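S.K.: What follows is a predicted protein model with its sequence.
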Amino acid sequence: MNHSFNVDIATRLNSVEKAVLIENIAFWIIRNKANNKNFYDGEYWTYNSATAFSELFPYFKPSKIYKLLKSLESDGILKSGNYNKVAYDRTKWYTITDKSITKIYKIHFTNQQNGINQTVTPIPDINTNINTSIIKKEERFNFRKELLDFGFDENLINDWLDIRKKKKGSNSKSAFNIFVNRVKKSKYKPNQILETMVYKSWTSFEEDWIDNLQPKQNVKKSQDELLREKFSKMPSQLGL
């Protein structure tokens, strides 16, 4: 994957890191505008957590991304919101509010009446390596196929996908990458992990969750072991 940024924005903000994030956010806002998606309060939005952003940008730690996004908000470049369907979901939504930046990316919000966008323009050409071929790849992402290609058992995959569907788990590329990265770092085998997740009806996975399921070793010694130890010490105690 290629990452790029607008030189004028990086120069103005004196930060390549911020310019890289803005490039990604602008791309998704433009795409959502073209598809008439995520339009709230007169603006188009995109959403991601700092952790999900770190999956897209592995050279940034989540804590670094959090600080960059917070700084962009404080500077009035970005505005955040919460349009999640469930109250406990705290994933942040972002839109670009700085007029000079929206002008660079040709982002012009249109008025909507009764929730219907009256003028939806196609995705404009932008100076970036992120192009329409990436859009097609994102649209074709197949969560089930990627799990099969990784080597998970097909029956376990089917059972787990049923669980995710019932619990409304996301089958996005970001969700897949987060899950697979945790599996790769785990001491447990992939199918062992997935089998446990199906058994416990988990939609996500943390290694310590499985650790906590393991029976603790019984350190209490048997009567025979105690007797053997007792008699093994007797010759030395008798001076023999």
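M.R.: Cool, the structure landed. These figures come from a predicted structure and were not determined experimentally.

S.K.: And for Phe179, nearest residue in space, chain neighbours not counted?
M.R.: Phe205 (6.4 Å; Cβ to Cβ, 6 or more residues apart in numbering). C-beta: built from backbone N, CA, C; applies to glycine.

S.K.: A helix includes the one you found, no?
M.R.: No: read with DSSP: H, G, I helix; E, B strand; the rest coil, Phe205 is coil and lies in no helix.

S.K.: Offset the numbering so it begins at 25, please.
M.R.: Noted, 25 is the first residue going forward, which turns the last one into Phe229.

S.K.: where does it land on pLDDT?
M.R.: Phe229 is assigned 85 on the pLDDT scale.

S.K.: In this structure it contacts Lys209, no?
M.R.: No: if you go by Cβ atoms under 8 Å, Phe229 and Lys209 don't touch, sitting 10.8 Å apart.

S.K.: more crowded one of these two?
M.R.: Just comparing Phe229 and Lys209: by other Cβ atoms under 10 Å the higher neighbour count belongs to Phe229, 18 against 8.

S.K.: Relative to Glu178, how far out is the more buried one?
M.R.: According to Cβ to Cβ, to the nearest Å, Phe229 and Glu178 sit 19 Å apart.

S.K.: again, but for Tyr112
M.R.: Per Cβ to Cβ, Tyr112 is found 33 Å from Glu178.

S.K.: need the helices for this protein, in chain order.
M.R.: Along the chain, counting by DSSP state H, helices occupy 31-37, 40-58, 74-80, 86-98, 123-128, 156-163, 167-174, 178-190, 197-209, 214-224, 231-235, 247-261.

S.K.: which non-adjacent residue is nearest Val222?
M.R.: Nearest to Val222 is Asp183, by Cβ to Cβ, 6+ apart, at 4.6 Å.

S.K.: can you count the residues close to the one you found?
M.R.: 17.

S.K.: same question, the one 5 residues further on
M.R.: Neighbour count for Arg188, taken as other Cβ under 10 Å: 19.

S.K.: wouldn't the residue nearest to Val222 be in contact with Tyr223 here?
M.R.: No: Asp183 is not in contact with Tyr223 according to Cβ under 8 Å; the separation is 9.3 Å.

S.K.: who wins for proximity to Tyr107 among the helices of the chain?
M.R.: helix 40-58 (11.8 Å; Cβ to Cβ).

S.K.: Please identify the buried residues of the closest one?
M.R.: 41-57 (16 or more other Cβ atoms under 10 Å).

S.K.: Then stretch 224-238?
M.R.: Trp226, Thr227, Phe229, Ile234.

S.K.: quick one, what contacts the last one?
M.R.: Looking back up the chat, that one is Ile234. The contact partners of Ile234, taken as Cβ atoms under 8 Å, 6 or more residues apart in numbering, are Ser210, Tyr212, Ile217, Thr220.
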